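Visitor: quick one, fold the following:
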Amino acid sequence: MQEEEEKLTKQAAATTAIAASADPFTDFMEVDGSNAAGGGAVSSAAQQAAATAKRLRAVKERALAVARAKQRDMIDSRRPPAIPLLPPHDKLRKATQDDLDARVNVSPLDLPSCCFFTILNSSSGSGRNGQAAAAAAAAGLTAMTTSRDAKLLAAGFADSSIKLYNMALLGKQRGRLKDKLERRAGREEREAAAAAAKRQKGGGGQQQQQDVMDVDMEEEELQDELEDMSSQAVTRLAGHAGSITGLDFSVDQHLLFSSSTDGTVRLWSTELRRGLAAFRGHVYPVWDVAACPHGTYLLSGGSDRTARLWSTEYARPLRIFPGHQSDVDVVGWHPNSHYAASGSSDRTVRLWDVASGSCVRLLTAQTSCPTSLAFSPDGRQLAVGTEEGIVAVYDIGSARRIALLEGHHGAVWSMSYSQGCGSLLATGGADRTLRLYSMPRCENALQVLADELAVVGSSSSDAQHAGSTAAAGAAAAETAKGTTGTGTPGGVSGSSARPVGTGGAATGHVGHHTWQPYQQLRTLSTRATPVVHVTFTPRNLLLAGGPWTLLAPGKGH
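Guide: Predicted structure coming up:
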């Protein structure tokens, strides 16, 4: 088609030149035969040029139609602008079901205890921007995270190293160490018995000496086993060239993601204890990384004022989320994995649509820079921790701030909602405290059904005792009414009717007890450990951790 077009173009140019060489007024001014013949030749040349131009236009139109058809086919063949979520494999599905079966319901009336991990003997270094505490930076620990089954713990340090702790092996090592101490005590007793027997019998006690030798051999074998366990229980991962700023495990716990001030995000294998890949795209330091709850995707935020979406299958980012006017310090995933949140030093939090890459919510009214993010289990609320120690709770649907939680006296570095109904919010920060707040129950249909079944079961079991306790309850109520002088049913004071605090209308309830949301329930303090990491496991086990830090005299909490 191109050759035909070039041929027609040459013919059109030739005929146009012939028509232009003739005098256009010849046919009208001259009437002799020679001039008439010349005019006929010019007319035929003009007609030929017009026909050639027409054919040329037809060829161009056909070429344009073919090009447009190819473009349409290319557009139609492209995959839709969406990030597919990989289906969970059988092992992960079974683990999720086991977690649901073993989950413990926690509430303001049934507060959980906390398993706290303290990192000792950390080397000195500098922390990350807007995230690591001054105390944590002095100790060298800059990031920490735990796996969903609490079997693995990862800690990042200012010297660019990452340490992976196998908690199961550490527990087994501790048990074997206890056995070693018991055997050593038994050996000392046998040695004392052998010495006493030798003194009494004058050279006897050979059997006791043989027992002592056997115990020595067992102790040597146990020492070798403990050394092997120690090498396997703690693994040092090296690869970054800057301070570690963020850590997170994948949903299947086979991968570990890390971010660093060297501007890279690295992928590690928890089984091989080796680095697998390095993602380069951020121009400046990367301050945070978050793994997707579904699939092998991850978010990162850096000093180049962008958040980026990555996949473990590609070296380049799938999405770049621009819009912030300063460093992106924290990132997080919505529970449905279709949205991502980023908090910046410009005192704003943005919610991004992962499929289109557009900003769908802009949360302002921040009094200081955000330092941590946490979504409620139903995805309707977002809690934002700040450098001033205030936690702001936003309604995502209306993009309005609905509560301010106070109590911390320093930056809030980590937060986590309880699983299931999400009625608790745990926060940890620089003031070396972990605080629990009451939150509104999530509108979870399965949870509501389970609560209704529990109420029906308890009511049926209590029905047989109702007749015997009715008279005693009425008498107690009359007595309390005459002595307390309050309007609270049952004769108890207002503070007792709300075990979690007074003031305002209570919106949550369990049985006959009520509580008011957005209230501080409990404060767990440490003497010298700032709380860098807080999380609820899928089974509602509360985990936290931080570095042990020497405090200056007179600055203890």
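Visitor: list the contacts of the residue lying closest to Y394 once chain neighbours are set aside.
Guide: Leaving aside its chain neighbours, Y394 sits nearest to L382 (4.8 Å; criterion: Cβ to Cβ, 6 or more residues apart in numbering). All C-beta spots, glycine's among them, are computed from the backbone N, C-alpha and C. Counting by Cβ atoms under 8 Å, 6 or more residues apart in numbering, L382 makes contact with A341, V349, L351, L363, L373, A374, F375, S376, V393, Y394, I396.
Visitor: by neighbour count, which of those residues wins?
Guide: Per-residue neighbour counts (other Cβ atoms under 10 Å) across the contacts of L382 peak at A341, which has 27 neighbours.
Visitor: tell me if K70 really is in a helix.
Guide: Yes. The assignment for K70 is a helix, going by DSSP: H, G, I helix; E, B strand; the rest coil.
Visitor: ok, it to E313 distance?
Guide: 29 Å (Cβ to Cβ, to the nearest Å).
Visitor: cool, A49 as well?
Guide: Taking Cβ to Cβ, one finds A49 at 59 Å from E313.
Visitor: same thing with T118?
Guide: 37 Å.
Visitor: isn't E406 right up against T386?
Guide: No. With contact defined as Cβ atoms under 8 Å, E406 does not reach T386; the gap is 10.8 Å.
Visitor: rewinding a little: neighbour-wise, which of T118 and E313 wins?
Guide: A direct count of neighbours by other Cβ under 10 Å for T118 and E313 places T118 higher, at 14 against 9.
Visitor: and whichever strand or helix holds the more buried one, average pLDDT?
Guide: In this structure, T118 sits in strand 114-119 according to DSSP states H and E. Averaged across strand 114-119, the pLDDT comes to 91.
Visitor: which outside residues touch that strand?
Guide: 139, 141, 144, 146, 150, 153, 155, 434, 524, 526, 529, 541-548.
Visitor: ok, it: who's next to it in the sheet?
Guide: With DSSP bridges as the test, strand 114-119 is paired with strand 542-547 (parallel).
Visitor: and V59, that's in a helix?
Guide: Yes. Counting by three-state DSSP, V59 falls inside a helix.
Visitor: for it, give me the pLDDT.
Guide: 84.
Visitor: what sits against N540?
Guide: So N540 contacts R103, V104, N105, V106, P112, S418, Q419, G420 (Cβ under 8 Å, 6+ apart).
Visitor: what pLDDT does it get?
Guide: 92.
Visitor: over to A168?
Guide: Reported pLDDT for A168: 79.
Visitor: where's it relative to S147, distance?
Guide: For A168 relative to S147 (Cβ to Cβ), the value is 11 Å.
Visitor: of those two, which one has the most company?
Guide: S147 (21 against 13).
Visitor: please name the bridge partners of S414.
Guide: Applying DSSP bridges, one finds that S414 bridges with G428.
Visitor: neighbours of it, how many?
Guide: S414, neighbours per other Cβ under 10 Å, totals 26.
Visitor: wait, what's in contact with it?
Guide: Here S414 is in contact with S372, G385, T427, G428, G429, V531, V532, H533, V534, T535, A544 (criterion: Cβ under 8 Å, 6+ apart).
Visitor: can we see that at 10 Å?
Guide: 131, 144-145, 330, 371-374, 385, 426-429, 434, 531-535, 544-546 (Cβ atoms under 10 Å, 6 or more residues apart in numbering).
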